[in-house]
Each structure stands twice: as C-alpha cells, then as structure tokens.
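[1] next comes the sequence, and after it the predicted model I'd like to discuss.
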Amino acid sequence: MSDGFHSKKPRLAVLGLGHVGLPTALGFAELGWEVIGADDDASKVATIQSGQTPFYELGLDDLLARGLASGRLTLTSNVEDAVRAATVLFVCVGTPQKDSGEADLSQVEIIARIIARNLNGFKLIVEKSTVPAITAQWIKKTVARFAAKDGSSCEFEVASNPEFLQEGKAVENIFRPDRVVIGVETERARQLLEQLYQPLGCPIVVTNISTAELTKHAANAFLSTKISFINMVADMCEAVGADVTEVAHGIGLDPRIGRSFLNAGIGFGGYCFPKDLRAFMYLGAEHGVDCGLLREVENVNLQRTTRFIKKLRKAVWVLQGKQIGVLGLAFKEGTDDIRESPALRIVKALLAEGAQLRLHDPQAMEASRKELAAEPKQVDFCSSAYEAARGAQALLLLAPWPEYADLDWTRIRDLMEVPVIVDGRNFLNPNVIRSAGFEYWDMGRYQDKAARSASPVEATKASR
C-alpha cells in the first residue's frame with residue numbers, strides 16, 4: 001500500500017466525548033494508539049483534562065488517568081484541529097430522538113460539514129454513533145458536496161463501526177467485546193479498522209455499511225423484545241401461580257434462547273433501547289416494513305409503570321400522603337444515567353398521586369435533583385438507603401445496585417413505620433426479607449400468599 005498506513009500507526013480522532021466517545025477514546029489510548037478526543041463543549045473538555053469524567057462509569061476514572069499520564073491522549077475543544085491532525089475520524093456525536101421517533105441527525109451533519117472543510121489528506125470517517133441505515137451515504141454525499149465547494153481534492157472514505165457498549169460495563173465491553181462489526185466499501189478501510197481491533201482477539205464481522213448500521217438497531221430491538229417478553233411472562237405467572245425466575249431458567253437453558261435479558265421487572269430504559277427501538281420502527285415505516293411487533297414491545301415496556309403502581313396499591317392501599325422510600329433512580333445499576341429511567345417514571349407517577357418520597361441512589365442523585373426540581377415539597381433526597389427508609393410506609397427497590405443487597409434489613413425494618421417492600425427488580429432474596437419481618441412483593445415470582453410476610457415475633461426470632 002502506497003499510503004504508508006501500515007508503516008506507522010495512524011492517528012485517531014474521536015469526535016464527541018459523551019457516553020460513547022469518551023470510553024472509545026480512552027480504550028484506543030490504552031491499546032497504544034495516539035488519540036485526539038474532541039468536543040465543542042469546552043467545559044466538558046476542561047473537566048476531562050483535569051482528570052474527572054463528566055459521568056459515572058465503572059473503571060473510567062482509572063482509564064482516564066492512565067490515558068492522560070501516557071501522553072497518548074490529547075484533548076481539545078477545537079474539532080477542526082482534531083480533524084486536520086488525524087487520519088481515522090470516529091463520529092461519536094449525539095443522535096437524539098425527535099417526537100416522531102426519528103433520529104435527529106443534525107449533529108452528524110454538522111460534523112460531516114466540519115470534516116469536509118478541513119480535509120488535508122486522506123480521512124477514514126467512521127460512524128460510531130447509533131444511526132439508521134443509509135446515514136453513511138448521506139455523510140458521504142455531504143462531505144463530497146462541501147469539500148467540492150471549498151475546492152478540496154483530498155480523498156476520504158466512510159465506514160460504519162457501531163458501538164455495543166453497555167452503560168455500567170463500558171470499560172469491560174471495550175476490552176472484551178463479544179464482536180466488532182465494521183461496515184466498509186474498500187479494502188483500505190477494512191485493513192485500517194482491522195488494524196485497530198485485531199489486538200482484542202475477538203470476532204470481527206466485516207460487511208457492507210448499511211448492514212453494519214442496521215445490525216446495531218436490530219440488536220437493541222431484539223434485546224428489548226426479550227425484556228418485554230419476560231415481563232409479559234411475569235404477568236402470566238402472577239395470574240396462574242407460576243414463578244417467572246424458574247420459567248426464565250427453564251427456557252434460558254435452551255441455547256436458541258439463552259438466559260441473558262430474561263429478568264422480569266419494571267422494564268427497560270436508558271438512552272439506547274427506547275431510542276433505538278423507536279428509530280427502528282420509524283425506519284420501517286419510512287420503507288413500508290411492518291414493525292407492529294416492536295410497537296407491542298414498546299407498549300409492554302411502558303405499561304410496566306402502571307402494573308407496578310397497581311401492585312403497590314395492593315400492598316399499601318391509598319398512595320396519597322403515603323411516605324414512600326425509593327432505592328434506585330438510575331435506569332440500571334452501575335451508571336448515573338437517568339434518561340428514560342423506569343424508576344423515575346414510577347417516581348413521577350407516585351408524585352402525581354400525591355405521595356411523599358424519600359429517594360436514594362448511589363450515583364444518580366444530582367441528575368435526579370435536576371429532573372425533579374419542580375417537586376421540592378414532595379421529595380427528600382437522602383444520603384443513604386437507611387435515611388430513605390426512615391419513617392416510610394413502603395420501600396421500593398427500583399434499581400438493583402449491589403450495595404442494596406448488603407443492607408442491614410433488621411435495621412431497615414426498625415426504621416420504617418410500616419415494613420412493606422415492593423421489589424421492582426426481583427433483586428432481593430424473598431426468604432431473607434420475609435424472615436426480617438417484611439411484607440414482601442415482587443414481580444412474577446411464586447409466593448404462598450399466606451406466607452407473604454412473617455409475623456413480627458417470628459421475624460425477631462429469625463433475625464437473631
């Protein structure tokens with residue numbers, strides 16, 4: 001090859017330093033590549049440059065410290081400079097959702113125009129943001145149009161390399177991925193991307209660009225379907241007296257199904273699953289593909305809040321004026337992300353009912369304060385799970401943080417006015433909780449109604 005890419009390592013630029021871009025930049029720096037992390041948010045860049053990550057992700061702080069110390073990571077708020085200084089450009093900007101469900105690709109177009117006006121040699125432009133199929137073709141057309149207007153004759157190519165990062169496990173996903181998917185049009189692009197990922201020793205799936213783009217949406221849509229399916233099964237289990245955890249175990253042993261993502265509860269949330277599901281449905285509608293199955297997946301998920309509130313009413317009767325403790329506000333454990341959090345959907349439903357809430361989360365308190373700023377009289381943000389339980393007439397577990405499993409449940413019981421727990425994640429051990437003197441409600445797990453709670457005397461004996 002005359003370009004010399006294999007005689008020296010290409011410099012990488014990661015454009016956008018959010019939940020995808022920052023782990024990506026740090027991961028490549030850890031693997032030995034020279035990386036420029038660029039974001040037009042100067043305050044975010046300054047925060048990262050100071051050694052602080054702008055969001056919580058397990059292991060990311062250590063990775064950032066090593067990246068800065070190694071000198072392989074450079075940070076800038078000048079995106080144009082980053083484009084000119086690098087050969088491989090990873091586009092990691094946001095693709096938020098419009099009211100219609102369509103992905104808003106305005107940030108992707110802005111980046112494409114910046115790249116076009118700063119071509120100073122060959123560039124491989126790599127989509128890493130989750131985008132609908134055929135987005136790469138628009139990037140290609142946009143760069144060509146604006147580069148021609150500016151008189152640039154430099155070569156560029158576009159590729160797709162969708163991210164499969166799970167919040168809370170992003171660092172693990174970077175270094176031990178199940179697979180890497182790359183969509184390319186040329187051998188040069190394939191070799192460049194394979195060069196970056198071969199040290200990971202994982203399967204590399206090479207395909208065309210539209211297939212790579214569609215793979216990410218299809219993966220998230222399928223995982224969302226598994227979650228909604230097992231939640232429907234949980235409702236059926238409650239109706240007929242079966243146990244959803246045992247059903248999940250029984251079907252999960254079938255290798256065609258698998259056990260992952262078969263945990264019943266209050267539904268899925270976060271930035272990716274809901275957004276990607278709706279974007280996939282929008283894409284289907286645009287191209288005449290019936291995505292009715294996915295509409296039902298979304299409907300089942302949104303109904304989880306109503307089902308949970310109904311269960312809570314069965315446990316405590318009237319909700320207005322009730323003092324209710326809530327453990328877990330992030331959309332899942334291991335992150336401070338509250339976007340489309342099912343826990344916050346439940347919190348807002350309870351506020352609408354007139355409940356008084358005592359809230360705790362190990363990482364999502366600041367974001368939740370901002371989200372619930374309009375409800376100061378109904379909400380207390382508590383420094384610990386024990387404070388959230390103090391005086392409560394029910395305690396809700398809405399995000400399965402590991403530290404909640406290790407709480408002193410006898411102490412929790414003594415702090416509460418009425419020892420009722422409603423576990424929206426089937427996270428706690430029913431026998432342990434009941435033996436501590438609680439009335440315990442969960443999601444689709446079989447329980448003898450007569451044994452739903454232990455008497456205070458029995459609980460005291462059991463806790464000794």
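    Great, that's in hand.
[2] from now on I want contacts and neighbour counts done on CA atoms only, so please keep to that.
    Will do.
[3] grab the nearest non-local neighbour of Gly183.
    Closest residue to Gly183 apart from its sequence neighbours, by C-alpha to C-alpha, 6 or more residues apart in numbering: Ile209 at 4.0 Å.
[4] next one, pLDDT for the one you found please.
    You'll see Ile209 listed with a pLDDT of 96.
[5] and it, how far from Gln137?
    Using C-alpha to C-alpha, to the nearest Å, we find Ile209 at a distance of 9 Å from Gln137.
[6] Leu75 now?
    Counting by C-alpha to C-alpha, the gap between Leu75 and Gln137 amounts to 29 Å.
[7] and the two? which has more neighbours close in?
    The residue with more neighbours, out of Leu75 and Gln137, is Leu75; 21 against 14, by other C-alpha atoms under 10 Å.
[8] before we move on, back to that, got the contact list for the residue nearest to Gly183?
    Residues in contact with Ile209 (C-alpha atoms under 8 Å, 6 or more residues apart in numbering) are 134, 136, 159-160, 182-185.
[9] buried sites along the longest helix seen in the chain?
    Taking residue count as the measure and DSSP state H as the definition, the longest helix of the chain comes out as helix 209-240. When neighbours are counted by 16 or more other C-alpha atoms under 10 Å, the buried residues of helix 209-240 are found to be 209-217, 220-235, 237-238.
[10] narrow the contacts of Ile209 to just the buried residues.
    Among the contacts of Ile209, those that count as buried by neighbour count (16+ other C-alpha under 10 Å) are 136, 159-160, 182-184.
[11] now Ala103. Its backbone dihedrals?
    Backbone torsions of Ala103, given as degrees, to the nearest 10, read phi -70, psi 130.
[12] my bad, should have said Val420
    Here the main-chain torsion angles of Val420 (degrees, to the nearest 10) amount to phi -120, psi 130.
[13] how many residues are close by Val391?
    Careful, residue 391 is Gly and not Val. The number of residues packed near Gly391 is 19, by other C-alpha under 10 Å.
[14] please apply the same query to the one 3 residues further on.
    By the measure other C-alpha under 10 Å, the count of residues near Ala394 is 25.
[15] got phi/psi on Ala13?
    phi -120, psi 130.
[16] for the closest residue to Phe381 other than its chain neighbours, what are its contacts?
    When the adjacent residues along the chain are set aside, Phe381 lies closest to Leu359, with 4.9 Å between them (C-alpha to C-alpha, 6+ apart). Leu359 sits next to 325-329, 379-382, 388 when contact means C-alpha under 8 Å, 6+ apart.
[17] same check on Phe164?
    By C-alpha under 8 Å, 6+ apart, Phe164 lies in contact with 173, 216.
[18] switch to 10 Å and redo it
    Under the criterion of C-alpha atoms under 10 Å, 6 or more residues apart in numbering, the contact list for Phe164 reads 20, 128, 130, 170, 173-174, 177-181, 216, 219-220, 272.
[19] am I right that it falls within a helix?
    No - the assignment for Phe164 by DSSP: H, G, I helix; E, B strand; the rest coil gives coil, which leaves it out of any helix.
[20] for Thr245, grab the count of nearby residues.
    Using other C-alpha under 10 Å as the criterion, Thr245 is surrounded by 20 other residues.
[21] may I ask which helix or strand encompasses it?
    Thr245 belongs to helix 244-252 when assigned by DSSP states H and E.
[22] what helices or strands is that helix leaning on?
    Helix 244-252 is packed against helix 209-240, with contacts defined by 3 or more C-alpha pairs under 10 Å, 6 or more residues apart in numbering; DSSP states H and E.
[23] ok so, going back, out of the contacts of Leu359, the closest to His287 would be?
    Of all those, the one with the least separation from His287 (C-alpha to C-alpha) is Leu329, at 37.3 Å.
[24] thought that closest one was touching Arg358?
    No - taking C-alpha atoms under 10 Å as the definition, Leu329 is not a contact partner of Arg358, at 11.3 Å.
[25] who has more neighbours out of the two?
    Set side by side, Leu329 and Arg358 show unequal neighbour counts under other C-alpha under 10 Å, the larger going to Leu329 at 31 against 23.
[26] contacts only, for that one.
    Contacts for Leu329 (C-alpha under 10 Å, 6+ apart) come out as 335-338, 341-347, 359-365, 367-368, 397-400.
[27] what of Gln447?
    Counted by C-alpha under 10 Å, 6+ apart, Gln447 has contacts 238, 241-243, 430, 440-441.
[28] again, 8 Å this time
    Gln447 is in contact with Gly241, counting by C-alpha under 8 Å, 6+ apart.
[29] for it, helix, strand, or coil?
    In the three-state summary, Gln447 is assigned as coil, counting by three-state DSSP.
[30] before we move on, what's the pLDDT of it?
    According to the model, Gln447 carries a pLDDT of 72.
[31] any idea how far it lies from Glu439?
    When distance is defined by C-alpha to C-alpha, Gln447 is 12 Å away from Glu439.
[32] what's the answer for Ala385, then?
    Distance of Ala385 to Glu439, computed by C-alpha to C-alpha: 18 Å.
[33] could you do Glu286 as well?
    As defined by C-alpha to C-alpha, Glu286 lies at a distance of 50 Å from Glu439.
[34] and Leu293, how many neighbours does it have?
    Counted with other C-alpha under 10 Å, the burial measure for Leu293 works out to 11 neighbours.
[35] touching, Cys92 and Ala13? I think so.
    No - applying C-alpha atoms under 8 Å as the test, Cys92 and Ala13 come out as separate, 10.1 Å apart.
[36] just the contacts of Leu359 now: which is nearest Gly265?
    When the contacts of Leu359 are compared for distance to Gly265 (C-alpha to C-alpha), Gly328 wins out at 13.3 Å.
[37] give me phi/psi at the residue nearest to Cys202 when sequence neighbours are not counted?
    Closest residue to Cys202 apart from its sequence neighbours, by C-alpha to C-alpha, 6+ apart: Arg179 at 5.6 Å. Its backbone dihedrals place Arg179 at phi -170, psi 160, with angles given as degrees, to the nearest 10.
[38] now do the same contact list for Arg179.
    With contacts taken as C-alpha under 8 Å, 6+ apart, Arg179 has the following neighbours: 202-205.
[39] okay, domains of this protein per the record?
    Under automatic domain parsing, the residue ranges defining each domain of the chain are 12-207, 217-299, 303-463.
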